[in-house]
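Chemist: pasted the sequence and its predicted model underneath.
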Amino acid sequence: MYKASILAGIFAMSTTAAFGAVVDFENESPLNPDPNVTNVGTSYSNGGITFTSTEDMQLVKTGGPSNGFVPNDSPNNANPFPVDFGDIFLTGDFNGNTDMTLSFGTDLAALSFDIVDIDGPNNTSNHETFVFSYFYMGAFVDSITVSSDDTTLDAEVVTVSYSGLFDEVQIVGTTPGGTRNIGWGIDNINVTAVPLPAAGFMLLSALGGMGLMRRRKRAS
Ligand SMILES: [Ca+2]
Ligand SMILES: [Ca+2]
Ligand SMILES: [Ca+2]
Ligand SMILES: [Ca+2]
């Protein structure tokens, strides 16, 4: 009985860590019925990642006449280095501040993703600031801030990456007073789960220990 439940446990562990390719939203192309934008509401899942927001999120076609960001929504692939957004990316509602939480449902060791268009003139009410906060089992772990002090070009892509133990990242974009409509996009989310061999080895060691204890009990 022990063995059966243990094997089931190992199987469950290996299936929950089934993060595969980079999540780039290209599986949503072409958008339908409007080829330029699809409202996915406040909760949306793709590739094992659950995206939630206090506002409606949008899947946007790159270069389309939509409100992904302004003045157009073609990521600047030349700056700071070539980054490909393909046909489709995800964004907020282009109305005031913005927020999005990515929940992974499994322990992560590393993550990287691309954010486009953190812009607006410095020291003005149009100055955009994005805070990326990492959580593990609901507890705050760390945060990284990127503002238009650092990246001022229109439609510029910033690659955000992080290493550590976490299972959720929260993105909050604000301007002073929250009066500017923040246009932005996220794409190319690359997830590294906590390596399974380590977890599996720990589990097997624990099982070995249990077996030894049982044998000792019998012997005494
Ligand atoms: Ca894409
Ligand atoms: Ca908003
Ligand atoms: Ca812009
Ligand atoms: Ca912007």
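Modeler: On my side now, so go ahead. Ligands and ions are numbered 1, 2, ... in the order given.

Chemist: going along the chain, name the strands of this protein.
Modeler: For the chain, applying DSSP state E gives strands covering 37-46, 49-61, 88-91, 98-116, 129-136, 139-147, 157-174, 185-193.

Chemist: what count of nearby residues applies to Ser112?
Modeler: Look at Ser112: counted by other C-beta atoms under 10 Å, it has 15 neighbours. All C-beta atoms are positioned from the backbone trio N, CA, C, and that covers glycine.

Chemist: against ligand 2, how distant is the nearest residue to it once chain neighbours are set aside?
Modeler: Closest residue to Ser112 apart from its sequence neighbours, by C-beta to C-beta, 6 or more residues apart in numbering: Ser161 at 3.8 Å. To ligand 2, Ser161 is 25 Å away according to C-beta to the ion, to the nearest Å.

Chemist: what pLDDT does whatever residue of the chain ends up closest to ligand 1 get?
Modeler: Residue nearest to ligand 1 within the chain (C-beta to the ion): Gly86, separated by 3.5 Å. At Gly86, the model reports a pLDDT of 89.

Chemist: what bridges to Val60?
Modeler: Val37, Phe89 (DSSP bridges).

Chemist: hmm, Phe104 is touching Gly47, no?
Modeler: No. Between Phe104 and Gly47 there is no contact under C-beta atoms under 8 Å: 10.1 Å.

Chemist: neighbour count winner among these two?
Modeler: Neighbour tally, Phe104 and Gly47, criterion other C-beta under 10 Å: the higher count belongs to Phe104, 19 against 15.

Chemist: quick one, what contacts the closest residue to Thr179 other than its chain neighbours?
Modeler: Beyond its immediate neighbours in the sequence, the residue positioned closest to Thr179 (C-beta to C-beta, 6+ apart) is Ser125, lying 5.7 Å away. By C-beta atoms under 8 Å, 6 or more residues apart in numbering, the contact list for Ser125 reads Thr175, Pro176, Gly177, Thr179, Arg180.

Chemist: in a markdown table, list those along with pLDDT.
Modeler: Below are the contacts of Ser125 laid out as a markdown table (pLDDT from 0 to 100):
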| residue | pLDDT |
| --- | --- |
| Thr175 | 93 |
| Pro176 | 89 |
| Gly177 | 80 |
| Thr179 | 81 |
| Arg180 | 86 |
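
Chemist: out of those residues, who's the most crowded?
Modeler: Counting by other C-beta under 10 Å, top hit in the contacts of Ser125: Thr175 with 20 neighbours.

Chemist: roughly how far apart are that one and Phe130?
Modeler: Counting by C-beta to C-beta, to the nearest Å, the separation of Thr175 from Phe130 is 11 Å.

Chemist: and Val37, by the same measure?
Modeler: For Val37, the distance to Phe130 (C-beta to C-beta) stands at 22 Å.

Chemist: who has more neighbours, the two?
Modeler: Comparing Val37 with Phe130 by other C-beta under 10 Å, the one with more neighbours is Phe130, at 22 against 18.

Chemist: test of understanding: give the bridge partners of that one.
Modeler: Bridge pairing for Phe130 (DSSP bridges) gives the partners Val146, Gly173.

Chemist: I figured it hits Ser147, correct?
Modeler: Yes. Using C-beta under 8 Å, Phe130 makes contact with Ser147 at a distance of 7.1 Å.

Chemist: tell me, what's touching these two both at once?
Modeler: By C-beta under 8 Å, 6+ apart, the residues touching both Phe130 and Ser147 are Ile118.
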